[in-house]
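> 3D model of this:
(chains A and B)
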Amino acid sequence: MKHTILKCLGIAFVVSLGIAPAKAQNTLTDPEIAHVAVTANSIDIGYAEIAKEKSKDADVLNFAKAMASDHKAVIDQAVALVTKLHVTPADNGVSKKMLADAEKTKKMLRSKSGKAFDKAYIDNEVAYHKAVIAAVETVLIPQSHNAELKDLLQKVAPTLKTHLEHAEMVQSNFNGHGSKHMGKM
Amino acid sequence: MAASIWVKCKQAALLPVICLLLNSCTDNTADNGIQAETAPAAEQPKFEVLTVEIKDMKFVPDSITVKKGDEVVFVNRDIVTHCVTEEKSKAWTSGMILAGESYIWKATESAAYICAIHKVMKGKIVVQ
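Presented below is the predicted three-dimensional model:
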């Protein structure tokens, strides 16, 4: 799943250095960007729903609830914007590839249980958010033409970064590097 | 619930406006422009209202010093829901603060706090 979004955008991504892509081979229209954004958020809600069904870990459940709530809020904002702009999000190859990959990931997650599931879910969340952040910052924002769409994507970026930080904190507990200090809300 | 007094207010952002209106209503200048005589008011402690914005997934400022009795207004300017929860023992929590809503905390004692939804978001209030 790692860097799937960037791969399907056809970007030469220098992972080891973590630098921005040199060239985007695919250029997306604003309706396509809106579709990709909604799809990316929907996919993570899907992962969260699986976690809410399968996990019994308080930290994982807390994280999954936050993902479901936050990504729904982003989708609501995106839908409100495209409605206001009278734009219909346009399905595209990027969205299709993301959904196809997400189905494989969901199948993998459903095949696991207990601690193995919790670790697989959080590991995937870390990788997924890294890929989405990179895609938003280096492709979606730069390619957006509409100022309000660009502004929404810029507002979403800090949310995604906090999700990544949160996921890494939970992940560190699974890897034995952190203290298990997070209780129920 | 701890000793802290919590008040939830959806329109807390209007507080400064309300204060201004109240102030204008209690102006002790008469209509003829002559300053009315007033009895010396009993000395009362002056409490302040301070604001902590929740924006870009951060508490801004993330550390604030107040006096006992002051009010701290947490304004959620993000597009997602947040909360303010005492970190150490979860002694108090705001509950959900939806996007665009606010929450008022009356300062009683110093506290480190987090957003319990996004546990990497942290802040601190020092009560003098």
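
> what about residue B:105, which helix or strand?
Under the criterion DSSP states H and E, the helix or strand holding residue B:105 is strand B:102-106.

> tell me which helix or strand comes right after that strand.
strand B:111-114.

> quick check: neighbours of whichever helix or strand comes after that next one in the sheet, parallel or antiparallel?
Counting by DSSP H and E, the next helix or strand C-terminal to strand B:111-114 is strand B:122-127. Neighbouring strands of strand B:122-127 in its sheet, by DSSP bridges, are strand B:63-66 (parallel), strand B:111-114 (antiparallel).

> as TSV, the ones you listed with mean neighbour count and mean pLDDT would be great.
To be clear about C-beta, it is placed using only N, CA and C from the backbone, and glycine gets the same treatment. Listed next are the strands paired with strand B:122-127 as TSV, based on neighbours: other CB atoms under 10 Å in any protein chain shown; pLDDT from 0 to 100:
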stretch	mean neighbour count	mean pLDDT
strand B:63-66	16	97
strand B:111-114	20	97
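
> columns distance to residue A:73 on top of those strands, output as JSON lines?
Shown next, in JSON lines, are these (distance: least, CB to CB, whole Å):
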{"stretch": "strand B:63-66", "distance to residue A:73": "26"}
{"stretch": "strand B:111-114", "distance to residue A:73": "20"}
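
> so where's chain B uncertain?
For chain B, the stretches with pLDDT under 70 are B:1-42, B:44.

> one step back: buried set for the strand holding residue B:105?
Residues of strand B:102-106 classed as buried: B:102-105 (neighbour count, 16 or more other CB atoms under 10 Å in any protein chain shown).

> ok, so of these, who is nearest residue B:91?
Distances from residue B:91 to the buried residues of strand B:102-106, taken as CB to CB, are shortest for residue B:105 (12.2 Å).

> packing partners of the strand holding residue B:105?
Here strand B:102-106 touches strand B:6-9, strand B:71-76, going by 3 or more CB pairs under 8 Å, 6 or more residues apart in numbering or on different chains; DSSP states H and E.

> what angle separates the last one from strand B:102-106?
Compare the direction of strand B:71-76 with that of strand B:102-106 by axes from the mean of the first three to the mean of the last three CA atoms, to 10 degrees and you get 160 degrees.

> in the sheet, which strands lie alongside strand B:71-76, parallel or antiparallel?
According to DSSP bridges, strand B:71-76 forms sheet pairs with strand B:49-55 (parallel), strand B:102-106 (antiparallel).

> those: which one's closest to residue B:61?
strand B:49-55 (6.7 Å).

> what's whatever helix or strand comes next after the closest one in contact with?
Sequence order places strand B:58-60 as the next helix or strand after strand B:49-55, per DSSP H and E. Outside strand B:58-60, the residues within contact range by CB atoms under 8 Å, 6 or more residues apart in numbering or on different chains are A:158, B:52-54, B:74, B:113, B:115, B:121-123.

> what's the answer for stretch A:75-83, then?
Residues contacting stretch A:75-83 (CB under 8 Å, 6+ apart): A:31, A:34, A:37-38, A:41-42, A:45, A:88-89, A:148-149, A:152, A:155, B:79.

> kindly recompute the last result at 10 Å.
By CB atoms under 10 Å, 6 or more residues apart in numbering or on different chains, the surrounding residues in contact with stretch A:75-83 are A:30-31, A:33-35, A:37-42, A:45, A:87-89, A:146, A:148-149, A:151-153, A:155-156, B:79-80, B:99.

> endpoint to endpoint, stretch B:90-110 covers what distance?
14 Å (CA to CA, to the nearest Å).

> residue 58: neighbouring residues, count only.
Chain wasn't specified; assuming chain A. Residue A:58 has 13 neighbouring residues, counting by other CB atoms under 10 Å in any protein chain shown.

> meant chain B, my bad for not saying
By other CB under 10 Å, the residues close to residue B:58 number 18.

> now do residue A:89
By other CB under 10 Å, the residues close to residue A:89 number 19.

> ok, now which ones touch it?
When contacts are counted by CB under 10 Å, 6+ apart, residue A:89 touches A:30-39, A:78-79, A:82, A:95.

> take the residues you listed and keep only those in strands.
Members of the contacts of residue A:89 lying in strands (criterion: DSSP state E): none.

> and residue A:157, what element?
helix A:147-174.

> do that helix and chain B meet at all?
Yes - Helix A:147-174 reaches chain B (CB under 10 Å from any CB of the partner chain) through A:152, A:154-170.

> which bits of chain A sit near chain B?
Neighbours of chain B within chain A, by CB under 10 Å from any CB: A:59, A:62-63, A:65-66, A:69-74, A:76-77, A:152, A:154-170, A:181-185.

> need the buried ones from those selected in PyMOL.
To isolate the buried members of the residues of chain A next to chain B in PyMOL, using 16+ other CB under 10 Å:
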select buried, chain A and resi 59+62+63+66+70+71+72+73+74+77+152+155+156+157+159+160+161+162+163+164+165+166+167+168+169+170+182+185
